[in-house]
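Student: This is a predicted model, with the sequence first.
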Amino acid sequence: MDSFSNEDINEYILKHIDKEGDYLYNLYRATNIHLLRGRMASGHLQGRLLKMLVKMIRPKNILEVGTFSGYSAICLAEGLDEGGKVYTFEINDEQEEFTRPWIENSAVADKIEFIIGDAIEEAPKLGITFDMAFIDGDKRTYLETYEMALKILRPGGFILADNTLWDGHVLEVPKSSDKQTIGIDHFNDFVATDERVERVILPLRDGLTIIRKK
């Protein structure tokens, strides 16, 4: 029996799903050229999944924690109905110079509110009840971010948490200095037994946990 690499499978998948589009392709390329850790951007497959999930769930207000280059915010906004809004928070103010033009020049700019600041502190101040949240920020504070998002999420709303398999490091005993892996471990262990929600982990890219608030 022939064996196929993950790269072969991924290439096949990308040929058989919706196209990424030139704007997102160029944004992903620019992200990898100009920013450190460019692979943190969602990319073609996850981007199309985010748009599809928004189309399925049909949220009015989406909270995103961790804008990075704006790729995922644009994908989430692409799935929104008229009047919907993505409120995306980026704690690193040095990111703004790169990210803001890409968001503001996109076809869905009117559906995205890009905010520089700490979402854990600032998002509740918006006074908005969210229908969906996408957590993709600092792994060291994933659990705190989750608790914040759950409080301002409507019953029946969804939280998507990215990087929850953390390149397989969740299977290892982390060093005491590896605060990011420890943060992901604590988050995964907590959510697994949280009776307030239902959850499933998809082994997509670096792991995507889909959580529904009861």
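Tutor: Everything's here; your move.

Student: so where is this structure shaky, pLDDT-wise?
Tutor: 1-2 (pLDDT under 70).

Student: Within the helices and strands, which one has Phe114?
Tutor: Phe114 belongs to strand 112-116 when assigned by DSSP states H and E.

Student: quick one: contacts of the next helix or strand after that strand?
Tutor: Going down the chain from strand 112-116, the next helix or strand is helix 119-122, by DSSP H and E. By CB atoms under 8 Å, 6 or more residues apart in numbering, the surrounding residues in contact with helix 119-122 are Leu63, Val65, Phe89, Ile91, Ile115, Gly137, Thr141, Glu144, Thr145, Met148. For glycine as for every other residue, the C-beta is placed from the backbone atoms N, C-alpha and C.

Student: Show me the helices in the protein, by range?
Tutor: In the chain, the helices defined using DSSP state H lie at 6-15, 22-34, 43-57, 71-78, 96-104, 119-122, 142-151, 179-192.

Student: Single out the most deeply packed of those.
Tutor: Mean neighbour counts were compared across the helices of the chain using mean count of other CB atoms under 10 Å; the top stretch is helix 71-78, at a mean of 27.

Student: quick one: contacts of that one?
Tutor: With contacts defined as CB under 8 Å, 6+ apart, helix 71-78 is touched by 23-24, 27-28, 31, 41-43, 46-48, 50-51, 54, 62, 64, 67, 84, 86, 88, 102-103, 106, 108, 111-112, 114, 134, 136.

Student: Quick check: end-to-end length of stretch 38-49?
Tutor: End-to-end distance for stretch 38-49: 19 Å, by CA to CA, to the nearest Å.

Student: contacts for that stretch?
Tutor: Contact with stretch 38-49 is made by 10, 13-14, 17-18, 20, 24-25, 27-28, 31-32, 50, 68-69, 71-72, 74-75, 136, 162, 204-205, 208, as judged by CB under 8 Å, 6+ apart.

Student: how distant is it from the center of its chain?
Tutor: 9 Å (CA atoms, centre = their mean, to the nearest Å).

Student: for the chain, longest strand please?
Tutor: Longest strand in the chain, counting residues (DSSP state E): strand 153-162.

Student: quick check: angle from that strand to helix 43-57?
Tutor: Angle, strand 153-162 to helix 43-57, by axes from the mean of the first three to the mean of the last three CA atoms, to 10 degrees: 160 degrees.

Student: what lines up beside strand 153-162 in the sheet?
Tutor: Looking at strand 153-162 with DSSP bridges, its partner strands are strand 130-135 (parallel), strand 208-213 (antiparallel).
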